[in-house]
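Q: have a look; sequence and predicted model below, questions after that.
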Amino acid sequence: MGFLEFNGVECTLADGRTLFEDINFSVSAGEVAALVGQNGAGKTTLVRIAGQQLAAGSGTVNVQGGLAVMPQFIGSIRDSSTVRDLLLAAAPERVAKAAAAVDALELELMDRDDEATQMRYAEALNGWGEAGGYEMEVLWDVVTTAALGVPFERARFRDVNTLSGGEQKRLALEALLRGREQVLVLDEPDNYLDVPGKRWLEEQLHASTKAILLISHDRELLGNAATKVVTLEGRGVWVHGGSFRGWKAARQARRERLEELHRRWDEEHARLKEMVRVLGEQAKISPAMAARYRAAQTRLRKYEEAGGPPEIPQEQRVTTRLVGGRTGTRVAVCEQLELTGLMKPFDLEVFLGDRVAVLGSNGSGKSHLLRLLAGLPVEHSGSWRLGARVVPGLFAQTHQHPEWHGRSLVEIMGRGEGGRDGVDRGTAVGMLSRYELGAAADQSFETLSGGQQARFQVLLLELGGVTLLLLDEPTDNLDLVSAEALQQAIEGFHGTVVAVTHDRWFTGSFDRYVVFRADGRVCETAEPSWEEGRVDRVR
């Protein structure tokens, strides 16, 4: 039976700031605990501590039944390059080590095929078997068949970068949910999953007997799957033992209680200080009051040492100023456009002011369409063009910007790359503060959380003065406050928006729905359409 417990866990950042402290909660078998909190609060750090990838400043993490962790960006696990590498990264450490030993000796045999090397290779194969490697391959066959529709032998050497983000997540999830480990820590497992994939995940979480700690910003998924909510805020945690659907009201009620407790603590603190002051004055003229004065001092000292109520969490405020601008009536026109090997030829016209949601299964070509409209190289036939004065701006789904690694946010904004105007440090910090990124101004891009990276990309779109927003899963890594701020900005944006999304809540704010169907056709529907099935390459 799975069990996960945090006891007094603390994390202090390199600059001496306390990220969180005295973290105490547990997850039992059959529970799905949702870990929520604003971007940058430390959710992913807590996940890394649970997975022993990062040492806590103090406290302990207890695990029973074996632990498996899915990080936020699944494609980056141990620099995975093939499907087999990705599955090994999600496997127990003993299996991964045994596989590494076999791989190393296979390479050595290519250069030196002598008896001694063959013997060591045989020993490595024996170690692979003892580690459960052959049983794992049987599991992987089930996993790749379920996630990709092909057996493991056909999928094992496929480049993982040829898989969509959703296919990568589905592979890892199938392996973890079917594996032996009874404690799962899943950092945003629903990112890149289409709606059928999210519904599948909800069903799997609901049916699982494992102890699961889950980070997600999909409110519908949390409402359907979470059995309790662990909120990380104010440098600590509090637990709501009911459904996520009642969490918002519980959080507001808790905040009101904390405000009342702080008011009472402050009043009592002021009363004790005044008592000490008065008795101190009286002790100066009456030695008989000295004992009472010392007792009052002791009482005040103990009251202050005991500390006040838990910290009242600050409300997050994200302010976007996506302005846009007037363009030609026809913003984008596609005529008999075929995304080679993905979708059949289709026509599409996008007009000024449209809010177009692009829906469909993973791997169908939706992101390819956005990249094409952004002017990036995408294999296609047919024609497409942008209208007059259209300035496209692309929000990338996976936040992969190697050109920004090792550079601070202020530096990136000051360079004026990609058609953006450069800004001085003071202006940059002011803009970053509106996105709750002021404290991260001098951090390098790759050190930000997924949500912080997402907000920074939106800021750069604002800075670039785009008139056509091309958003690829923009809400995947955004917390609730940031997602609501983005939606409000889009509603007030004087331009055109085309967004690929699987966010059922976010989709409701759009007025046109273009669906990439499972049979290779692209069509427009009056209402959002979430098709089942995986798209095979169009022949």
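A: Structure's in. What do you need?
Q: you'd agree Leu470 is in a strand?
A: Yes: assessed with DSSP: H, G, I helix; E, B strand; the rest coil, Leu470 lies in a strand.
Q: count of residues packed around it?
A: Around Leu470 sit 26 other residues, with neighbours defined as other Cβ atoms under 10 Å. Heads up, the C-betas are built off the backbone N, CA and C, glycines and all.
Q: for it, give me its contacts.
A: Applying Cβ atoms under 8 Å, 6 or more residues apart in numbering to Leu470 gives the contacts Leu370, Leu373, Ala374, Pro392, Gly393, Leu394, Phe395, Val498, Ala499.
Q: and of those, the nearest to Ala291?
A: Of all the contacts of Leu470, Phe395 has the smallest distance to Ala291: 69.5 Å, by Cβ to Cβ.
Q: so how far is Leu373 from the closest one?
A: 12 Å (Cβ to Cβ, to the nearest Å).
Q: picking up where we left off before, tabulate the contacts of Leu470 in CSV, adding columns for distance to Leu342, pLDDT and neighbour count.
A: Shown next, in CSV, are the contacts of Leu470 (distance: Cβ to Cβ, whole Å; pLDDT from 0 to 100; neighbours: other Cβ atoms under 10 Å):
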residue, distance to Leu342, pLDDT, neighbour count
Leu370, 13, 94, 23
Leu373, 15, 95, 23
Ala374, 17, 92, 18
Pro392, 20, 92, 22
Gly393, 23, 88, 25
Leu394, 18, 89, 21
Phe395, 21, 85, 22
Val498, 17, 95, 26
Ala499, 19, 94, 25
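Q: show me the contacts for Val423.
A: Met413, Gly414, Gly416, Met431, Leu463.
Q: just the buried ones from those residues?
A: Among the contacts of Val423, those buried by neighbour count (16 or more other Cβ atoms under 10 Å) are Met413, Gly414, Met431, Leu463.
Q: want to try CSV for the residues you listed, with distance to Val63, secondary structure and pLDDT as columns?
A: Below are these laid out as CSV (distance: Cβ to Cβ, whole Å; DSSP: H, G, I helix; E, B strand; the rest coil; pLDDT from 0 to 100):
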residue, distance to Val63, secondary structure, pLDDT
Met413, 42, helix, 86
Gly414, 45, helix, 81
Met431, 42, helix, 85
Leu463, 44, helix, 79
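Q: distance of Ser482 from Asp218?
A: In terms of Cβ to Cβ, Ser482 sits 14 Å off from Asp218.
Q: no, scratch that, I was asking about Met343
A: From Met343 to Asp218 the distance is 26 Å (Cβ to Cβ).
Q: so what's the residue count around the residue nearest to Arg407 when sequence neighbours are not counted?
A: In space, and not counting its chain neighbours, Arg407 is closest to Ser444: 5.9 Å by Cβ to Cβ, 6 or more residues apart in numbering. Look at Ser444: counted by other Cβ under 10 Å, it has 15 neighbours.
Q: quick one, phi/psi of Ser444?
A: phi -80, psi 150 (degrees, to the nearest 10).
Q: how about the helices in the stretch 251-400 of the chain?
A: Taking DSSP state H, counting those that start in this stretch as the test, the helices found in the stretch 251-400 of the chain are 290-306, 366-373.
Q: give me whichever of those helices is most buried.
A: Of all those, helix 366-373 carries the top mean neighbour count, a mean of 23, counting by mean count of other Cβ atoms under 10 Å.
Q: quick one: residues in contact with the stretch of helix or strand Glu21 belongs to.
A: Element membership for Glu21 (DSSP states H and E) is strand 18-28. Under the contact criterion Cβ under 8 Å, 6+ apart, strand 18-28 has outside partners 2-13, 33, 41-42, 45-46, 59, 183, 211-213, 230, 232, 235-237, 239.
Q: quick revisit: from the contacts of Val423, pick the one nearest Ala249.
A: Nearest to Ala249, judged by Cβ to Cβ, of the contacts of Val423 is Met431 at 34.0 Å.
Q: what's near enough to touch that closest one?
A: Met413, Val423, Leu459, Glu462, Leu463.
Q: which of the contacts of Val423 lies closest to Ser361?
A: Closest to Ser361, out of all of the contacts of Val423 and judged by Cβ to Cβ, is Leu463, at 33.7 Å.
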